[in-house]
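Colleague: model this:
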Amino acid sequence: MPGGAREAGNPSFRHSRARCRSDARLGVVKAEGTRMIGLASLPCLGLGIALAALAPRAGLRMQAFETGSGLLLVSGLALLGAGLPLFR
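Modeller: Residues are numbered from 1 along each chain as shown. Prediction:
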């Protein structure tokens, strides 16, 4: 029996081909999700920079502004790092 006919009649071969196709689709979804994580870091970094810039003018709330800006900057950098291909 030629190799093509044997593979076509083998149900496990068909199942493995379907699994490969679904894995490829998951890779596309994973890449889009990674891009979204990278984009989510931009507002965090922007707000962190804005709060840090406004902290000297905040008066009594300066400590809260600095704490909030630090938290936003660290979370933005963490989100940016999570989107790197090294951690996929």
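Colleague: and residue 51, how many neighbours does it have?
Modeller: 20 (other C-beta atoms under 10 Å). The C-beta positions use only the backbone N, C-alpha and C, and glycine is treated the same way.
Colleague: tell me which element it falls in.
Modeller: Using DSSP states H and E, residue 51 maps to helix 11-54.
Colleague: Hmm, residue 79 is touching residue 48, no?
Modeller: No - using C-beta atoms under 8 Å, residue 79 makes no contact with residue 48, being 11.5 Å away.
Colleague: Tell me, how many residues neighbour the closest residue to residue 75 other than its chain neighbours?
Modeller: Nearest residue to residue 75, sequence neighbours excluded (C-beta to C-beta, 6 or more residues apart in numbering): residue 44, at 5.2 Å. Neighbours of residue 44 under the rule other C-beta under 10 Å: 19.
Colleague: Tell me who's in contact with residue 44.
Modeller: Taking C-beta atoms under 8 Å, 6 or more residues apart in numbering as the criterion, residue 44 is in contact with 72, 73, 75, 76, 79.
Colleague: secondary structure class for the fourth one?
Modeller: Meaning residue 76. helix (DSSP: H, G, I helix; E, B strand; the rest coil).
Colleague: Next: the first one.
Modeller: Reduced to three states with three-state DSSP, the structure at residue 72 is helix.
Colleague: confidence score at it?
Modeller: Note for residue 72: predicted pLDDT of 96.
Colleague: can I assume it is in contact with residue 45?
Modeller: Yes - contact criterion C-beta under 8 Å: residue 72 and residue 45 qualify, at 7.4 Å.
Colleague: between those two, who's got more neighbours?
Modeller: The residue with more neighbours, out of residue 72 and residue 45, is residue 72; 20 against 16, by other C-beta under 10 Å.
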